[in-house]
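# heads up, no residue letters with this:
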DNA sequence: GACGATGTAACATTAGTTGTTACATATAGA
DNA sequence: TCTATATGTAACAACTAATGTTACATCGTC
């Protein structure tokens, strides 16, 4: 969803867009969008202003925003394997396994982020544009 | 959690272990374990028998089970980016972006699985054994 | 100062996961 | 064959996280 919002912002190059508009585009409600925008602001990906005629816009060119950043901005807590069952020490395995699994999953997540990092927001937009253009040609 | 269960099974090389025992070890209840075991059975990772003195055991040597398999066995549905917001066609971006995001996330997930695939269940157990051994030395 | 937008809190709604109980069924062993 | 034991599975409760809804204070622009 975050990518979707950013894509819309990229579409409106530079123009400020309101959370109400974004909510309509993503088919959700303004509050959820604003909650999401807070994360994106923290990550310095968007620039949001209050006041009449204001709203949000990208803080960087779409070519300089990659999806790994977006992912990290949104998923502050690690996404899986995290529920952190209580230590549960009685069992010889349970005792030490958590630390090990954390290591492994952190590595897997890094791998995923490396892959996401290969795609920029501009890439996404171009693909969307191309696909909608070819659709219009039919 | 799945990895934890398999690790316990690997610990008891060959012996059948009951869901009650596993539940105690993972600090949960037998039904949850059995539900999990069903997925692992489908993936041919474990072999479960009913009846007195029965239970589950690994279907392969721990060195021949890698974590990507475990992950796939458990996470049948793709884990994220999946909520599949309704198409929401009114907006020019929303219309075509889904397909593109699916492609990107599928790739990211593959990258993650490739990384998980580098670790076998045996690796996990060895790490756990090593860590518990060094702890005993203190 | 009024309007228009965000920030934020409180609460309802929803969906997904886990826990609990119960019971049918299958298997091993006496 | 009978009994004890363990799984498979269903129905339901409890819990958690995410989202939607409403409301309102606050900040900026006009």
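The structure has been received and is ready for your questions. If you're wondering where the values come from, they're calculated on a predicted model, not measured in any experiment.
# any idea how far residue A:113 lies from residue A:66?
To residue A:66, residue A:113 is 9 Å away according to Cβ to Cβ, to the nearest Å. The C-beta positions use only the backbone N, C-alpha and C, and glycine is treated the same way.
# now do residue A:102
To residue A:66, residue A:102 is 25 Å away according to Cβ to Cβ.
# Same check on residue A:14?
Residue A:14 sits at a distance of 20 Å from residue A:66 (criterion: Cβ to Cβ).
# Comparing these two, which shows the higher neighbour count?
residue A:66 (17 against 8; other Cβ atoms under 10 Å in any protein chain shown).
# Where is the longest helix in chain A?
Scanning chain A for the helix with the most residues, using DSSP state H, yields helix A:92-116.
# same for that helix, what does it pack against?
On a contact count with 3 or more Cβ pairs under 8 Å, 6 or more residues apart in numbering or on different chains; DSSP states H and E, helix A:92-116 meets helix A:67-74, helix B:2-11, helix B:19-26, helix B:92-116, helix B:121-137.
# Between those, which one is closest to residue A:35.
Smallest distance to residue A:35 across the helices and strands packed on helix A:92-116 (Cβ to Cβ): 10.4 Å, for helix A:67-74.
# Is DNA strand D within reach of the closest one?
No: Helix A:67-74 stays clear of DNA strand D (Cβ under 7 Å from any atom of the strand), getting no nearer than 9.3 Å.
# Please apply the same query to stretch A:17-34.
Yes: using Cβ under 7 Å from any atom of the strand, we find that stretch A:17-34 touches DNA strand D at A:28-32.
# measure that stretch end to end?
Start-to-end span of stretch A:17-34 (Cα to Cα, to the nearest Å) is 12 Å.
# picking that back up, among the residues of stretch A:17-34 next to DNA strand D, which ones are buried?
Neighbour counting by 16 or more other Cβ atoms under 10 Å in any protein chain shown classes residue A:28 among those as buried.
# With distance to residue B:18, pLDDT and secondary structure added, can I get the residues of stretch A:17-34 next to DNA strand D in JSON lines?
Output for the residues of stretch A:17-34 next to DNA strand D, formatted as JSON lines (distance: Cβ to Cβ, whole Å; pLDDT from 0 to 100; DSSP: H, G, I helix; E, B strand; the rest coil):
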{"residue": "A:28", "distance to residue B:18": "46", "pLDDT": "94", "secondary structure": "coil"}
{"residue": "A:29", "distance to residue B:18": "48", "pLDDT": "95", "secondary structure": "coil"}
{"residue": "A:30", "distance to residue B:18": "52", "pLDDT": "97", "secondary structure": "helix"}
{"residue": "A:31", "distance to residue B:18": "48", "pLDDT": "97", "secondary structure": "helix"}
{"residue": "A:32", "distance to residue B:18": "45", "pLDDT": "97", "secondary structure": "helix"}
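# roughly how far apart are residue A:106 and chain B?
For residue A:106, the distance to chain B (Cβ to the nearest Cβ, to the nearest Å) stands at 10 Å.
# Just the pLDDT at that residue, thanks.
You'll see residue A:106 listed with a pLDDT of 92.
# Next, count neighbours for it.
12.
# do residue A:22 as well
By the criterion of other Cβ under 10 Å, residue A:22 has 24 neighbours.
# Can you name the residues that contact it?
Residues near residue A:22 by Cβ atoms under 8 Å, 6 or more residues apart in numbering or on different chains: A:5, A:8-9, A:30, A:33, A:56.
# Max pairwise distance over the residues you listed: which two?
For the contacts of residue A:22, the maximum inter-member distance is 15.1 Å, found between A:9 and A:30 (Cβ to Cβ).
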